[in-house]
Structure formats: structure tokens, C-alpha cells
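Undergrad: With the sequence up front, the predicted model follows.
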Amino acid sequence: RHFDIVDLIDNVLFEMNLLAFKRNVAVEYKSKFTGLPKVYADPETTRAVIQNLLENAIKYTMEGGKVEIDIQKKDTHLLVSIADNGIGIPKDQEKNVFSKFFRARNAIKQETDGSGLGLFISRTIAEKNDGEIWFESAEGKGSTFYFTLPLQDKSLS
């Protein structure tokens, strides 16, 4: 069904406030999003993807760091990106990021808790919602995770 992605992200941000505050990480929108079309996806599972990506971004960003959320319309989809200036992902481990139970060397070293299921589940959800998920990263500099959500029900076109 159709829903407003900014409202959904706002709700998740509200829940993440304490975590961000405790870690002294600023979470902000890249710009004021006005006039964005509604997306066509499952709001509950989409919420899980946003929650996971935001939580990871906050968790793996150094104290005093920043997480930035951007949303853009791209043809038949909205593109959501969540960028951090955290620990990044080692080049030789990038191919495993969406694998079940995978946790990068530097993530384990940082002693954050995690099951290694979040990104695996996020990819499954993104694909079920007719979207995609991918990332760009540089170890020690941070990561940006991207995912797309359709604007229309594919079965109607």
C-alpha cells in the first residue's frame, strides 16, 4: 500500500533518539523533503529496513560523528540513502555484507552487539518490496547504504 516514507523515517528516528544521544551521534536529513510521492511497499517491513540501517549507522559511527539521510525521486522509485562517517567495511569483506550471520572484522573488534542478520533480512525485505539495496564504503571513513522503494504497485502496470 501507499505511504509517506518521511513520516515513517521520522517515527524510527524518534525511537533511535536515545541511542544517537548516548553515542553523541548527530542524525540529520540532507534537506527538507517536500512534495515527495508516496511509496508503494509494506510499511511494517520497510520500517524494519530503515530501523536496521539507521541503527547500524549510529552504532558504527564514532562518538561525535554524523549520520545523514537523503531521499530522492528516481523515475519509478524513491531512493533512500543513509550515510555515516563510521568504521566502514573492509574491502575484502564487502562481498559478504548481506550474508546471513556475517559481521565484519572491524565490527566485531568494536564490541558492538549484533547477530549478523540485520542486513541479510533488509536485503530480503527490499527485494520482496520490488526494491534494491546496496552500499558504498571505505574502511575508516564510513558507509552509505542505499535502498529503493517503488512508487506504484508493479502488478498494476
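TA: Here it is on my side, so go on. Numbering: from 1, shown residues only.

Undergrad: Identify the bridge partners of L149.
TA: For L149, the beta-bridge partners under DSSP bridges are L78.

Undergrad: so which strand or helix has T144?
TA: Using DSSP states H and E, T144 falls within strand 142-150.

Undergrad: The lowest-mean-pLDDT helix or strand in the chain: what's the following helix or strand?
TA: Lowest on mean pLDDT, DSSP states H and E among the helices and strands of the chain sits helix 105-109, with a mean of 67. Going down the chain from helix 105-109, the next helix or strand is helix 118-128, by DSSP H and E.

Undergrad: quick revisit: list the helices and strands the strand holding T144 packs on?
TA: strand 39-40, helix 43-59, strand 77-84, helix 118-128, strand 133-138 (3 or more Cβ pairs under 8 Å, 6 or more residues apart in numbering; DSSP states H and E). (Glycine included, C-beta is placed from N, CA and C.)

Undergrad: out of those, which comes closest to K66?
TA: If you check each of those against K66 by Cβ to Cβ, strand 77-84 wins as the nearest, at 7.3 Å.

Undergrad: if we can go back for a sec, gap between the strand holding T144 and the chain center?
TA: Here strand 142-150 shows a centroid-to-chain-centroid distance of 6 Å under the convention Cα atoms, centre = their mean, to the nearest Å.

Undergrad: Next, the buried residues of it.
TA: 142-150 (16 or more other Cβ atoms under 10 Å).
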